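K.L.:
sequence? don't have it. structure:
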């Protein structure tokens, strides 16, 4: 029994240890991504680093502020062959109001087969109710921009965005130099910012 418990512990902890090891190897990957310093950008603390398996998709949330210009880029220093293949989308979840219809009910009196008075609920038309739902709106998709590995934009308001990063699957084979001999790649999601250009008149 003791051996069985030990075996189960090893089987359970092995994937966790493997994942933790890969995450450790990928720590601070983003610092090796090409920066836009010449363009005036400064690295934002919302940047991310992580280990990805082929075919993995990861989604992270960031906050962008009004009248700030941002540069979002992805890179894989451990796997330069992925340059130009990493996919990413910028998605905003927008709250929209919509009307939904639900049936209304009323109580109706009726008599059972013994002649006893009873009540029951019956439909009495429909009631409209205003509800609010969040719908994903794709603000940018690099697959529609010649697989560009960076995107520069200025936000006209403070908002929360979600960045989805996808590492393509090469068909089942191992990557050329995977972490610890695995098919994992270190991916950096670099967020940079600088004051944007304010247009229009000012006093």
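P.N.:
Structure's in. What do you need? Note that the structure is predicted; figures quoted are calculated from it, not measured. Numbering: from 1, shown residues only.
K.L.:
make it CA atoms for all contacts and neighbour counts henceforth
P.N.:
Noted.
K.L.:
Quick one: low-confidence residue ranges for the chain.
P.N.:
1-23, 170-182, 200-203 (pLDDT under 70).
K.L.:
now the helices for it?
P.N.:
Under the criterion DSSP state H, the chain contains helices at 2-25.
K.L.:
Which residue lies nearest the spatial centre of it?
P.N.:
In the chain, the residue lying closest to the centroid (Cα atoms, centre = their mean) is residue 59, at 2.3 Å.
K.L.:
what's the closest non-adjacent residue to that one?
P.N.:
residue 164 (4.3 Å; Cα to Cα, 6 or more residues apart in numbering).
K.L.:
Run through the residues that contact that neighbour.
P.N.:
The contact partners of residue 164, by Cα atoms under 8 Å, 6 or more residues apart in numbering, come to 57-60, 88-91.
K.L.:
between those, which is nearest residue 73?
P.N.:
Taking Cα to Cα as the measure, residue 73 lies nearest residue 88 of the contacts of residue 164, at 8.8 Å.
K.L.:
and the closest one, bridged to which residues?
P.N.:
Taking DSSP bridges as the rule, residue 88 bridges to residue 165.
K.L.:
For it, which residues are in contact?
P.N.:
74, 141-143, 163-166.
K.L.:
Can you tell me how far the residue nearest to residue 59 is from residue 87?
P.N.:
8 Å (Cα to Cα, to the nearest Å).
K.L.:
Check residue 58 too.
P.N.:
For residue 58, the distance to residue 87 - Cα to Cα - is 11 Å.
K.L.:
which neighbours do those two share?
P.N.:
165-166.
K.L.:
The two: which has the busier surroundings?
P.N.:
Using other Cα atoms under 10 Å as the criterion, residue 58 and residue 87 rank with residue 87 on top: 19 against 12.
K.L.:
The residue nearest to that one when sequence neighbours are not counted and residue 73: what is the separation?
P.N.:
Distances taken as Cα to Cα, 6+ apart put residue 166 closest to residue 87, at 5.1 Å, once the chain neighbours are dropped. Separation of residue 166 from residue 73 (Cα to Cα) stands at 13 Å.
K.L.:
How about residue 187?
P.N.:
11 Å.
K.L.:
Looking at these two, which has the bigger crowd around it?
P.N.:
Comparing residue 187 with residue 73 by other Cα under 10 Å, the one with more neighbours is residue 187, at 29 against 23.
K.L.:
For the more buried one, which residues are in contact?
P.N.:
Contacts of residue 187 (Cα under 8 Å, 6+ apart): 26, 29-30, 49-52, 74-77.
K.L.:
and which of those is nearest to residue 105?
P.N.:
For the contacts of residue 187, the nearest to residue 105 is residue 52 (52.9 Å; Cα to Cα).
K.L.:
so what's the closest one up against?
P.N.:
Contacts of residue 52 by Cα under 8 Å, 6+ apart are 167, 184-187.
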